[in-house]
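[1] sequence? don't have it. structure:
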């Protein structure tokens, strides 16, 4: 890649098309992924674990939910490997198809009452397929936006892809809200929840139609010729671990508080209200719905701000914020009112957005072109195993008995996660405005960090 010339910045309309395609596909995939989390909190304990039911059944549902996170690193490795070898676009199309297939299948699964132990086994298979697909989705979608856009607005363009995540949660929560509002509890528990999963077929069709019209990333295309010369020897997963170990660890550390806090604010809030507080499930869904709607708008605004003030300061504020907010979060949930619940979730997601909005550009800028898909995906997805996968399980274990939940322990848990992220950010460099035309694997000059520190 030393002879490759930086690709010219495409027209704004081209960038907007890429960003829209990446965002709509990400929204669809995360609709599928978050729908499982919401259903695990509300339905799956009874549907797939039979007579166990109650909080124990919900805990088992969250264990299956966690399996999707364990499949994500494998998806990140495999999709990242081929994304760095043959291109970003093909991997995005495949990941979307796989995700849609897994989600649609869940809507057709028999329950424990119908087939016994086979029901949770089939649920696990579908969940693993979801996790594998999502593991390859994020890196490809982010890189398509980052590598098409210009360096001065990279935080803004990639933050739209990030906004696809709360948008997916927003759509999932909205569908569940409509179903819960129009159906009785018995109808929702017996068949209503399936509608939300079957609807994914329509959303996947829209996402596929848009993504198939994209062109390959210009940064990758410019490097393709040189990469083709070393196709047999180019092993992105090995090269990224060898050349960028520090960056992988930093990405994982930065991901810790962001990932844990998100699932506490959106998934555990539903379980806490329903199982511990005995509140109407509609109250929790409404809170997540409001918080997600605000986050969809807020994330691009913070992404734009990160292009002006830098990625690091915003990330630090967000990490400290979630660490502190964890001690107030459950107190507001215990109030039980719609306003208090919405405030608890929304404030938490505002702090989360300060980390999540600049994260896509930050991670993309850490790695060279020939291993960028692998590096960004591995750093992002490996942390998900230790953070998001275990967050609902650890939180439920820390809360303990429903009659006297230990909310302080969960606050401490989130504060420790925040401290890890703060340390990772302090060890990072500011990458705002840096060029993506760098690669340690190809022997090119790496990012000029002296020119990219906050002014």
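    Nice, I can see it. Just so you know, these numbers come straight off a predicted model, no measurement behind them.
[2] isn't residue 374 right up against residue 237?
    Yes: counting by Cβ atoms under 8 Å, residue 374 does reach residue 237; the two are 5.4 Å apart. (Glycine included, C-beta is placed from N, CA and C.)
[3] ok, then the element right after the worst-scoring helix or strand of the chain on mean pLDDT?
    Of all the helices and strands that make up the chain, helix 218-229 has the lowest average by mean pLDDT, DSSP states H and E, namely a mean of 69. Reading on from helix 218-229 to the C-terminus, the next helix or strand found by DSSP states H and E is helix 236-243.
[4] Let me see the residues that make contact with that next one.
    Contacting residues not belonging to helix 236-243 are listed as 77, 80-81, 84-85, 248, 367-368, 370-371, 373-375, 378, 440-441 [Cβ atoms under 8 Å, 6 or more residues apart in numbering].
[5] pLDDT of the strand or helix carrying residue 362, averaged?
    Element membership for residue 362 (DSSP H and E) is helix 338-366. When pLDDT is averaged along helix 338-366, the result is 95.
[6] for stretch 125-142, same thing?
    88.
[7] Distance from it to the middle of the chain?
    10 Å (Cα atoms, centre = their mean, to the nearest Å).
[8] Enumerate the positions of that stretch that are buried.
    Neighbour-count burial for stretch 125-142 flags 126-142 (criterion: 16 or more other Cβ atoms under 10 Å).
[9] out of the residues you listed, which are inside strands?
    Counting by DSSP state E, no part of these is found in strands.
[10] Can you flag which of those belong to helices?
    126-142 (DSSP state H).
[11] Name the spans of the stretch 101-250 of the chain whose pLDDT lies under the cut-off.
    Residue ranges of the stretch 101-250 of the chain with pLDDT under 70: 224-234.
[12] Neighbour count for residue 374 and residue 237, which is higher?
    residue 374 (30 against 18; other Cβ atoms under 10 Å).
[13] ok, the more buried one - contacts?
    Shown in contact with residue 374 (Cβ under 8 Å, 6+ apart): 76-77, 80-81, 83-84, 139, 236-237, 239-240, 367.
[14] just the buried members of these?
    Among these, the ones that count as buried by 16+ other Cβ under 10 Å are 76-77, 80-81, 83-84, 139, 236-237, 239-240, 367.
[15] Those into CSV, with extra columns for distance to residue 150?
    As requested, these are exported to CSV (distance: Cβ to Cβ, whole Å):
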residue, distance to residue 150
76, 27
77, 30
80, 24
81, 28
83, 22
84, 22
139, 20
236, 25
237, 29
239, 27
240, 25
367, 19
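[16] Now flag whichever of those residues is closest to residue 390.
    Using Cβ to Cβ, residue 76 comes nearest to residue 390 of the buried ones among the contacts of residue 374, at 17.6 Å.
[17] what about the helix holding residue 362, distance to the chain center?
    The answer for helix 338-366 is 11 Å, by Cα atoms, centre = their mean.
[18] I figured residue 303 was touching residue 357, is that so?
    Yes: contact criterion Cβ under 8 Å: residue 303 and residue 357 qualify, at 4.5 Å.
[19] Please report how far residue 420 lies from residue 435.
    Plainly put, residue 420 is 30 Å away from residue 435 if you go by Cβ to Cβ, to the nearest Å.
[20] So residue 157 sits against residue 151, correct?
    No: if you go by Cβ under 8 Å, residue 157 and residue 151 don't touch, sitting 10.3 Å apart.
[21] Comparing the two, which shows the higher neighbour count?
    Per other Cβ under 10 Å, whichever of residue 157 and residue 151 has more neighbours is residue 157, with 27 against 20.
[22] Find the helix or strand that that one is a member of.
    For residue 157, the element it lies in under DSSP H and E is helix 154-182.
[23] Flag every buried residue along that helix.
    Within helix 154-182, the residues scored as buried using 16+ other Cβ under 10 Å are 154-177, 179-180.
[24] any idea which helix or strand comes after it?
    helix 185-187.
[25] Wait, residue 325 touches residue 348, no?
    Yes: contact status for residue 325 versus residue 348: in contact at 5.4 Å, counting by Cβ under 8 Å.
[26] ok so, going back, counting by contacts, list what the helix holding residue 362 packs against.
    Counting contacts by 3 or more Cβ pairs under 8 Å, 6 or more residues apart in numbering; DSSP states H and E, helix 338-366 packs against helix 118-148, helix 154-182, helix 245-263, helix 269-271, helix 281-309, helix 311-335, helix 372-386.
[27] Now do it and helix 154-182, the angle between them.
    On the basis of axes from the mean of the first three to the mean of the last three Cα atoms, to 10 degrees, helix 338-366 is oriented at 150 degrees to helix 154-182.
[28] and helix 338-366 with helix 245-263, angle?
    If you take the same axes, to 10 degrees, helix 338-366 sits at 170 degrees to helix 245-263.
[29] what helix or strand does residue 403 sit in?
    If you go by DSSP H and E, residue 403 is not part of any helix or strand.
[30] Near it, how many residues? Count them for me, please.
    Using other Cβ under 10 Å, the number of residues around residue 403 comes to 6.
[31] for the one 5 residues further on, same thing?
    Summarising burial for residue 408: neighbours were counted as other Cβ under 10 Å, giving 12.
[32] residues touching it, list them.
    Going by Cβ under 8 Å, 6+ apart, residue 408 touches residue 327.
[33] does it sit in a helix or strand, and which one?
    With elements taken from DSSP H and E, the one containing residue 408 is helix 407-427.
[34] What are the buried residues along that helix?
    Neighbour-count burial for helix 407-427 flags 407, 410-411, 413-415, 417-418, 420-422, 424-425 (criterion: 16+ other Cβ under 10 Å).
[35] quick revisit: just want the angle from the helix holding residue 362 to helix 281-309.
    Orientation check (the same axes, to 10 degrees): helix 338-366 against helix 281-309 gives 40 degrees.
[36] And for stretch 143-154, what's in contact with it?
    Against stretch 143-154 from outside (Cβ under 8 Å, 6+ apart): 9-10, 14-15, 18-19, 21-22, 83, 88-89, 92, 157-158, 160-161, 214, 217-220, 304, 307, 360-361, 364-365, 372-373, 376, 433-436.
[37] What is the nearest of the buried ones among the contacts of residue 374 to residue 321?
    In terms of Cβ to Cβ, no member of the buried ones among the contacts of residue 374 lies closer to residue 321 than residue 139, at 26.3 Å.
[38] re the thing from before, could you dump the buried residues of helix 407-427 into JSON lines with distance to residue 319 added?
    As requested, the buried residues of helix 407-427 are exported to JSON lines (distance: Cβ to Cβ, whole Å):
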{"residue": "407", "distance to residue 319": "21"}
{"residue": "410", "distance to residue 319": "17"}
{"residue": "411", "distance to residue 319": "15"}
{"residue": "413", "distance to residue 319": "14"}
{"residue": "414", "distance to residue 319": "10"}
{"residue": "415", "distance to residue 319": "10"}
{"residue": "417", "distance to residue 319": "9"}
{"residue": "418", "distance to residue 319": "5"}
{"residue": "420", "distance to residue 319": "9"}
{"residue": "421", "distance to residue 319": "4"}
{"residue": "422", "distance to residue 319": "5"}
{"residue": "424", "distance to residue 319": "9"}
{"residue": "425", "distance to residue 319": "7"}
